[in-house]
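> Here's a sequence, model it:
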Amino acid sequence: MSCCSAYATKPESRDLSKRVNAEDKRLINCKSVDVNQLMPLKYKWAWEHYLNGCANNWLPNEVPMQRDIELWKSDALSDGERQVIMRNLGFFSTAESLVGNNIVLAIYKHITNPEARQYLLRQSFEEAVHTHTFMYIVESLNLDEREVFNMYHEVASISDKDMFEMRLTEDILKDDFTTDTFAGKQKFLDNLIGFYVIMEGIFFYSGFAMILSFNRRNLMQGIGEQFQYILRDETIHLNFGVDLINTIREENPEVWTEEFEQHVYSMIDEAVRLEIQYAEDCLPKGILGLNAQMFHEYVHHIADRRLERIGLKARYGGDNPFPWMSETIDLGKEKNFFETRVTEYQTAGSLTW
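Now for the predicted structure:
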């Protein structure tokens, strides 16, 4: 059994005089460094993301919901506005648990680096908090729990996105899956791109823009505040995922073939189609100054930014119809979220809006 197995070898078989060298560490298929030995750090970006996540620590029940409850009970919201809120709760309530399942059941066991695993543990907790958030919102507004949590079965535009992601997890979960082979490495990268770049980097962003549009107009501010916290978590998730993908590619350059690049483009094309379909379903008619055509542009814009982050060329050419989204994400108002890593995080208790 490799010393990088998820299970430590017996103490009597160890060379106690051995010292860990940072340069011996690898993100996958490490054969020389114990997966439990955190120091010395090699991937300082992983530790930085972990610390940023800790600094944005929060829980949903810290956010008051009374004004949202009063507004929801009133007749001030149109049917179209209510549908947007319901569709987004339906998508996110299961999507966050899919991401958590993928981390715990598929990704963690194949990452052979302790600092990257440390971040994955933190992200797993955050995914649980996000799922908790949607339950808190559903309970606060006294919504039909079955309707919200069953949308991934019953609403085609939500089901299609979730099924896209679940297909990426199937092979990784098989008992005989390994990243030791060429095909296994590519499949693992396939999963990482599918969840970090597509799920958290594309599929989530139409919903964020829709819900935060309510918040900008002083509507459903409790939900809006919780979505701001989630968006800040997702900023770090995306940045960690991009660093993870790019570093695995650097350490295993042979797997990033021209054929694999074309496969990634095809995945992004499919994701863009599904996200536009979802936006059209949420917004059959315009609300709050939003319409489905704006989300055609927005999805194309963010898909191009995601492609560039993993070293591929932009291909859609969409403009950003929601420039205010960068201000929502960039806490320090000094960095462009789509181009750089955000590090100005505070503890939740001291965040100002």
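> Give me the mean pLDDT for stretch 297-304.
Here stretch 297-304 scores 96 as its mean pLDDT.
> My error: substitute stretch 64-80 in the last question.
Mean pLDDT, computed over stretch 64-80, is 97.
> Pull out the buried positions in it.
M65, D68, L71, W72, L77 (16 or more other C-beta atoms under 10 Å). Just so you know, the C-beta spots here come from the backbone N, C-alpha and C atoms, and that holds for glycine as well.
> phi, psi of L290?
Main-chain torsions, L290, degrees, to the nearest 10: phi -110, psi 150.
> give me the beta-bridge partners of it?
Taking DSSP bridges as the rule, L290 bridges to I287.
> how close does it sit to A209?
Separation of L290 from A209 (C-beta to C-beta, to the nearest Å): 8 Å.
> in what helix or strand does T94 lie?
Using DSSP states H and E, T94 falls within helix 79-101.
> Now do whatever helix or strand comes next after that helix and helix 79-101, the angle between them.
Downstream of helix 79-101, the first helix or strand assigned by DSSP H and E is helix 114-140. Angle of helix 114-140 versus helix 79-101, following axes from the mean of the first three to the mean of the last three C-alpha atoms, to 10 degrees, is 150 degrees.
> From the chain's centre, how far out is the top helix by length along the chain? Work that out for me.
For the chain, the longest helix by residue count, based on DSSP state H, is helix 221-251. Per C-alpha atoms, centre = their mean, to the nearest Å, the displacement of helix 221-251 from the mean C-alpha position of its chain is 5 Å.
> tell me the mean pLDDT over that helix?
Across helix 221-251, pLDDT averages out at 96.
> Toward the C-terminus, what is the element adjacent to it?
Defined by DSSP H and E, the subsequent element after helix 221-251 is helix 258-282.
> for that next one, packing partners?
helix 79-101, helix 156-170, helix 182-192, helix 205-216, helix 292-309 (3 or more C-beta pairs under 8 Å, 6 or more residues apart in numbering; DSSP states H and E).
> Relative to the whole chain's centre, how far out is that helix?
Using C-alpha atoms, centre = their mean, the offset of helix 258-282 from its chain centre is 16 Å.
> Mind listing what's buried along the helix holding T94?
Within helix 79-101, the residues that qualify as buried are 81, 83-101, counting by 16+ other C-beta under 10 Å.
> try stretch 57-66
N57, W58, P60, V63, M65.
> so how far does it reach from one end to the other?
End-to-end distance of stretch 57-66 (C-alpha to C-alpha, to the nearest Å): 23 Å.
> Run through who's touching it.
Stretch 57-66 has contacts (C-beta atoms under 8 Å, 6 or more residues apart in numbering) with 129, 132-133, 136-137, 140-141, 222-223, 225-226, 229, 347-348.
> and which of those residues is nearest T112?
V129 (26.9 Å; C-beta to C-beta).
> Tell me how many other residues surround the closest one.
20 (other C-beta atoms under 10 Å).
> need the contact list for it.
W58, L59, P60, D233.
> Would you point out which residue is most central in the protein?
The residue lying closest to the centre of the chain (C-alpha atoms, centre = their mean) is E200, at 2.9 Å.
> which residues does it contact?
Contacts for E200 (C-beta under 8 Å, 6+ apart) come out as V99, E234, H237, L238, G241.
> mind running it again at 6 Å?
E234, H237, L238 (C-beta atoms under 6 Å, 6 or more residues apart in numbering).
> What of Y298?
By C-beta under 6 Å, 6+ apart, Y298 lies in contact with P321, F322.
> any idea which of the contacts of V129 is closest to P114?
The closest of these, once distances to P114 are taken by C-beta to C-beta, is D233, at 21.8 Å.
> Which residue, other than its chain neighbours, is closest to that closest one?
Of all residues not flanking D233 in the chain, E126 sits nearest, at 4.9 Å (C-beta to C-beta, 6 or more residues apart in numbering).
> Confirm for me that the one you found is in contact with R232.
No. Contact criterion C-beta atoms under 6 Å: E126 and R232 do not qualify, at 10.1 Å.
> any idea how far A22 is from Q118?
Using C-beta to C-beta, A22 is found at 15 Å from Q118.
> These two: which has the busier surroundings?
Q118 (16 against 13).
> residues touching the more buried one, list them.
Y50.
> Got the confidence number for it?
96.
> before we move on, what about the one 10 residues further on?
Note for A128: predicted pLDDT of 97.
> which regions of this structure lie under the pLDDT threshold?
1-20, 327-353 (pLDDT under 70).
> if we go to 90?
1-41, 56, 285-293, 318-319, 323-353 (pLDDT under 90).
> can you give me phi and psi for D175?
According to degrees, to the nearest 10, D175 has phi -60, psi -30.
> what does K174 give?
Backbone torsions of K174, given as degrees, to the nearest 10, read phi -70, psi 140.
> show me what contacts it?
By C-beta under 6 Å, 6+ apart, K174 has no neighbours at all.
> same question, N320
By C-beta under 6 Å, 6+ apart, the contact list for N320 reads H301.
> again, 8 Å this time
E297, Y298, H301 are the contacts of N320 under C-beta under 8 Å, 6+ apart.
> before we move on, what about S206?
Counting by C-beta under 8 Å, 6+ apart, the residues that S206 touches are E275, Y278, A279, C282, F295, Y298, V299.
> Now render these as a markdown table, adding distance to R315.
Output for the contacts of S206, formatted as a markdown table (distance: C-beta to C-beta, whole Å):
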| residue | distance to R315 |
| --- | --- |
| E275 | 15 |
| Y278 | 20 |
| A279 | 19 |
| C282 | 25 |
| F295 | 18 |
| Y298 | 16 |
| V299 | 13 |
